[in-house]
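Participant: sequence plus predicted model, see below.
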Amino acid sequence: MKISVVAELCAGEGICEQDAPELFEIVDGVAVAKMEEVPKHLQEAARNACANGPTEAIKIEE
């Protein structure tokens with residue numbers, strides 16, 4: 001699984017960072033993925049962060 005964030009869509013609310021701090025951080029008001037390849041043990045957290053984001057800025061490639 002790969003993750004990315006579309007900066008132009010990100011609202012910067014930090015929901016993804018709260019849901020998956022191992023995977024996301026807020027930098028200059030925008031979410032940034034800390035890694036591209038998501039380890040198996042963090043994939044559920046990545047899906048939750050994607051589902052909970054209000055602007056669909058997080059993209060997942062299975």
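Facilitator: Good, I have the coordinates.
Participant: hey, where'd the strands end up in the protein?
Facilitator: 2-5, 24-27, 30-33, 58-61 (DSSP state E).
Participant: just to check, residue 24 is in contact with residue 49?
Facilitator: Yes. Residue 24 is within contact range of residue 49, at 6.3 Å (criterion: Cβ atoms under 8 Å). Just so you know, the C-beta spots here come from the backbone N, C-alpha and C atoms, and that holds for glycine as well.
Participant: on that earlier part again, most neighbours per residue, which of the strands of the chain?
Facilitator: Compared across the strands of the chain, strand 30-33 shows the largest average neighbour count, a mean of 19 (mean count of other Cβ atoms under 10 Å).
Participant: avg pLDDT for that one?
Facilitator: Averaged over strand 30-33, pLDDT sits at 97.
Participant: equivalent analysis for stretch 39-56, please.
Facilitator: The model assigns stretch 39-56 a mean pLDDT of 97.
Participant: for it, measure first residue to last.
Facilitator: Terminal residues of stretch 39-56 lie 21 Å apart, using Cα to Cα, to the nearest Å.
Participant: pull the residues that contact it.
Facilitator: Residues outside stretch 39-56 that contact it (Cβ atoms under 8 Å, 6 or more residues apart in numbering): 1, 3, 9-11, 13, 15-16, 19-20, 22-24, 31, 38, 58-60.
Participant: same question for stretch 13-28.
Facilitator: By Cβ under 8 Å, 6+ apart, stretch 13-28 touches 3, 5, 12, 31-35, 38, 42, 45-46, 48-50, 52-54, 58.
Participant: dump the longest helix along the chain to CSV, keeping only the CA atoms.
Facilitator: Longest helix in the chain, counting residues (DSSP state H): helix 43-52. Written as CSV, here are the backbone C-alpha positions of helix 43-52 (Å, rounded to 0.1, in the frame of the first residue of the first chain):
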residue,chain,number,x,y,z
GLN,A,43,-2.4,-0.1,6.8
GLU,A,44,-5.6,0.0,8.9
ALA,A,45,-4.5,3.4,10.4
ALA,A,46,-3.9,4.7,6.9
ARG,A,47,-7.4,3.7,5.8
ASN,A,48,-8.9,5.3,8.8
ALA,A,49,-7.1,8.5,8.2
CYS,A,50,-8.2,8.5,4.6
ALA,A,51,-11.8,7.9,5.5
ASN,A,52,-11.9,10.5,8.3
